[in-house]
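*Asks:* Output the structure for:
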Amino acid sequence: MKDPVAINATDVAPRSKLSNYPPEFAARMRGRIKRQLGDLFGLTNFGVNLTTLEPGAVSALQHRHSRQDEFIYVLAGDGVLVSGDDLVPLKPGMCAGFPANGMSHHLENRSDKPFLYLEIGDRSEGDEASYPLDDLAAVRDGGTWRFTHKDGLPY
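*Replies:* You can find the predicted model right below:
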């Protein structure tokens, strides 16, 4: 089959796995649906996901990256950006960027309708993610995330 040149993003099958987090954290990602658009086109330097948060769902655990920059663009619905102690309402057309070593963040859908956005991030090898509210640490190693407790013990 020939690689696609262009597609309708909503035709991409959702990722079958809830999350890469260890199981006790992955369960908290229920209601998050990711369509990995960048992977479909063979992009290796950065990832692009079309993400839907169903009512009550969250994008990720509160986190920050050591090397990776992240960017989101809101397409539909209402969401909330939680960054440190700040709560920022998000509406279609809004965007937000998260530089490496910036404030910790995640998105929440506190509405009764789906919240849809594009998320873009680079795939920096050796990137580390820290999770200020959870006993979790991660490092990008060989193209995959390796998770440990904050004291370094593996999950």
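*Asks:* Quickly list what A76 is bridged to.
*Replies:* Under DSSP bridges, the beta-bridge partners of A76 are L116.
*Asks:* same thing with the one 5 residues further on?
*Replies:* Going by DSSP bridges, L81 is paired in beta bridges with V88, L107.
*Asks:* Which residues outside stretch 73-85 are in contact with it?
*Replies:* Among residues not part of stretch 73-85, those counted as contacts by CB atoms under 8 Å, 6 or more residues apart in numbering are 50, 53, 62, 87-96, 103-111, 113-118, 120. (Each C-beta comes from the backbone N, C-alpha and C, glycine too.)
*Asks:* Sort out which of the residues you listed are buried, if you could.
*Replies:* Applying a neighbour-count criterion of 16 or more other CB atoms under 10 Å, the buried members of those are 50, 53, 62, 90, 96, 104-109, 114-118, 120.
*Asks:* so who does the closest residue to A9 other than its chain neighbours touch?
*Replies:* Taking CB to CB, 6 or more residues apart in numbering as the measure, A9 lies nearest to L50, with 4.8 Å between them; neighbours along the chain are not counted. Applying CB under 8 Å, 6+ apart, we find L50 in contact with 9-10, 12, 34-35, 37, 75, 116-118.
*Asks:* Nearest to F46 among these?
*Replies:* Compare each of the contacts of L50 with F46 using CB to CB and the shortest gap goes to L37, at 10.9 Å.
*Asks:* Identify the residues contacting that closest one.
*Replies:* Each residue near L37 by CB under 8 Å, 6+ apart is listed here: 9, 12, 48-50.
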